[in-house]
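Q: what shape does this take:
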Amino acid sequence: MTTSLKLAITNIGDLLLNNKITQDKDGKEIPNITLIIPKYQRPYKWTAKNVIQLLDDVVIAKNENKETYRVGTLILHQDNESKYNIVDGQQRIITFSLLLKALGANSIIFLGEELAYNPNNRSNIPNNFRTLERRANNINNDREREELLDYIKNNCELIVVITQDISDAFQFFDSQNARGKKLYPHDLLKAYHLREMKNLDIAETEKIVKGWEDLPQKELSELFSDYLYRVKEWIKGNKSWELTEQNIHKFKGITRHGNFPYAQFYKGAFAYADMVNHSAMPFVSGTRNFNPFQLDTPIVAGKSFFDYAKHYFEILKDIKNNDKYEGYFINDNEIVKTLELRTYKNGVGNRITRLLFDTAILLYVDRFCPTDRPEKNDMEMLDQFVIFAFVWAYSLRAQYYNLGWLSAQNYIMGNYDLTNSFNIYKIITEADSPVSLLSELSDRVTPLPRSKVVAKKNNVDEQNEVGIYQNYLHYFKTNKFLED
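A: You can find the predicted model right below:
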């Protein structure tokens, strides 16, 4: 690391209200600080969701009586004796300036700093200020508002890195933000939920972290981005695009401070299931373990998040593995044997369709199949559902030469005049039993007219040397879902 870097610490009040940095490494303050947003800075992209999350985090830290709450790193390039260009930390500094103003602080010189004229700056800054102002106005007690303002000014701290060499500033920025790999959403979720585990001892925390790290990280990332996130959106009738830092709140769940009736209900249900499963009751009574998770309900933050991730990782692994002797849910399935052929595993359209098929099964298993010793009737019902899920998903594939995500999303939403275009995920979550679901799907899933099929229609009964059918339409035909 270059020796031209100067390290310091500042609280928010000193930086934005007193225009100084609280202390350098020798304990001396750095006065006469003028923060500048240089022209190379990106626009202010934080939205109302981001600023409310920051405010909520500060309030939690205050309520927990944290003497110091570190809110990030600020990298500054000292242009001259008093002017300091912000290299990294602009989003947070602007937001804290807006928050101080919303809470009644005055003389925030930084808010007079000129910004580039672009849509993000024009819309996000006033929108975010109004959002913070509304939250501040909802604090009816003047004393509470003053205490929050005082906490932000004096207890919220930034690590400050200062250099007079702009190349050093960018080098440090790159080392902080690109240490060999990108922080994926599931990495950010890991960090968030670890912070919610303060009540656990070090040994148990280390065991949980090791269990997480032992899972294949690429597959874990795909579990959240391709499967769990999409299912959560489709259940609600929303289109699903990409899991990012901006929408990972869907997996943050109910914290230990959540005391609204809905939060108490879900925390109570989880606590009861956890208590029963860790007792002798299932063994003595011969009953199954309770499933403490459901895809269409909130997560309980902290340790249970890591159990949640492992739970669905194992279920999805089982569903995607067609081995005759492994797992419960998909075993030596004839349809899946065909779908595992290389011709149906390559290409964007094939991968999208298989994902729709697998996520539908994942949601069904989550809702109706006990993961602990499913019985014969459970598996017979699942086998019937697999046929409906296959016909639903591959009706889409059969009607497209080139299938992309936009077409798939519209198909799921029921927005297309395509055979079997409907939201199977909502139907699954609205059903109260496998019998009622299969009855509903019997009415919904209709035979595919040959006139609408753009996939290869000839030789649908062709088999290879080991008896695997080469065309998935064979199963449409044998299950009476392909019109003559």
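Q: list the neighbouring strands of the longest strand along the chain plus their orientation.
A: Secondary structure of the chain per DSSP state E: the longest strand is strand 69-78. Sheet pairing of strand 69-78 (DSSP bridges) gives strand 83-88 (antiparallel), strand 156-163 (parallel).
Q: ok, which of the ones you listed comes nearest V51?
A: Comparing these against V51 with C-beta to C-beta, the closest turns out to be strand 156-163 (14.1 Å). In short, each C-beta sits where N, CA and C put it, glycine included.
Q: neighbouring contacts of the closest one?
A: Contacts with strand 156-163, where a contact means C-beta atoms under 8 Å, 6 or more residues apart in numbering, come from 2, 4-12, 15, 21-22, 30, 58, 61, 68-78, 84, 89, 92, 96, 169, 172.
Q: same thing with stretch 364-382?
A: Under C-beta under 8 Å, 6+ apart, the answer for stretch 364-382 is 288-289, 291, 293-295, 311-312, 314-315, 319, 328-329, 361, 385, 389, 428-429, 431, 433-435, 437-438.
Q: any of these buried? List them.
A: Neighbour counting with 16 or more other C-beta atoms under 10 Å marks 289, 293, 295, 311-312, 315, 319, 328-329, 361, 385, 389, 428-429, 431, 434, 437 as buried within the contacts of stretch 364-382.
Q: just checking, which of those belong to strands?
A: Counting by DSSP E, no part of those is found in strands.
Q: what helix or strand does G237 sit in?
A: Using DSSP states H and E, G237 sits in no helix or strand.
Q: right, and it touches K426 too?
A: Yes: counting by C-beta atoms under 8 Å, G237 sits close enough to K426 to count as a contact (6.1 Å).
Q: mind checking the SS state of A393?
A: helix (DSSP: H, G, I helix; E, B strand; the rest coil).
Q: V386 versus that one, what's the distance?
A: As judged by C-beta to C-beta, to the nearest Å, A393 and V386 stand 11 Å apart.
Q: who's more crowded, the two?
A: More neighbours surround A393 than the other of A393 and V386, with 27 against 20 (other C-beta atoms under 10 Å).
Q: name the nearest residue to L132, ignoring sequence neighbours.
A: Leaving out its chain neighbours, the residue that sits closest to L132 by C-beta to C-beta, 6 or more residues apart in numbering is A102, at 4.0 Å.
Q: so what's the residue count around the one you found?
A: Using other C-beta under 10 Å: A102 sits among 22 other residues.
Q: not counting sequence-adjacent ones, nearest residue to the spatially most central residue of the chain?
A: Central residue of the chain (C-alpha atoms, centre = their mean): I248, 3.3 Å from the mean position. Sequence neighbours aside, P185 is the residue nearest to I248 in space, at 4.8 Å (criterion: C-beta to C-beta, 6+ apart).
Q: give me the neighbour count for that neighbour.
A: Around P185 there are 20 residues (other C-beta under 10 Å).
Q: tell me, how many residues neighbour Q78?
A: Q78 has 18 nearby residues by other C-beta under 10 Å.
Q: correct me, but it touches I86?
A: No: the criterion here is C-beta under 8 Å, and Q78 misses it with I86 at 11.4 Å.
Q: before we move on, the earlier item: can you put the strands paired with strand 69-78 in TSV and add distance to N138, mean pLDDT and mean neighbour count?
A: Listed next are these as TSV, based on distance: least, C-beta to C-beta, whole Å; pLDDT from 0 to 100; neighbours: other C-beta atoms under 10 Å:
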stretch	distance to N138	mean pLDDT	mean neighbour count
strand 83-88	31	88	20
strand 156-163	20	90	21
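Q: got those as CSV, with distance to K457 columns?
A: Formatted as CSV, the strands paired with strand 69-78 follow (distance: least, C-beta to C-beta, whole Å):
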stretch, distance to K457
strand 83-88, 57
strand 156-163, 64
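Q: what's the spacing between T478 and K218?
A: 36 Å.
Q: the two: which is more packed in?
A: Using other C-beta under 10 Å as the criterion, T478 and K218 rank with T478 on top: 15 against 9.
Q: tally of neighbours for F476?
A: A count of neighbours around F476, defined by other C-beta under 10 Å, yields 24.
Q: and it, what helix or strand is that in?
A: helix 473-478.
Q: hmm, who's touching that helix?
A: 334-335, 338, 387, 390-391, 394, 398, 447-448, 453, 455-457, 460-461, 469, 482.
Q: now with 7 Å?
A: 335, 390-391, 398, 448, 455, 457, 460-461, 482 (C-beta atoms under 7 Å, 6 or more residues apart in numbering).
Q: quick one: mean pLDDT for stretch 22-41?
A: For stretch 22-41, the mean pLDDT works out to 88.
Q: same check on stretch 324-339?
A: For stretch 324-339, the mean confidence score works out to 93.
Q: that stretch: end-to-end distance?
A: In stretch 324-339, first residue to last residue: 16 Å (C-alpha to C-alpha, to the nearest Å).
Q: list the buried ones in that stretch?
A: Per 16+ other C-beta under 10 Å, stretch 324-339 contains these buried residues: 327-331, 333, 335-336, 338-339.
Q: pull the most distant pair out of the residues you listed.
A: Y328 and T338 (21.3 Å).
Q: how about the strands in the chain?
A: Under DSSP E, the chain gives strands at 6-11, 23-24, 34-36, 69-78, 83-88, 156-163.
Q: how about a markdown table for those, with distance to M275 added?
A: Putting these into a markdown table (distance: least, C-beta to C-beta, whole Å) gives the following:
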| stretch | distance to M275 |
| --- | --- |
| strand 6-11 | 43 |
| strand 23-24 | 49 |
| strand 34-36 | 52 |
| strand 69-78 | 34 |
| strand 83-88 | 46 |
| strand 156-163 | 38 |
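Q: touching, N350 and R342? I think so.
A: No: using C-beta atoms under 7 Å, N350 is not in contact with R342; the gap is 9.9 Å.
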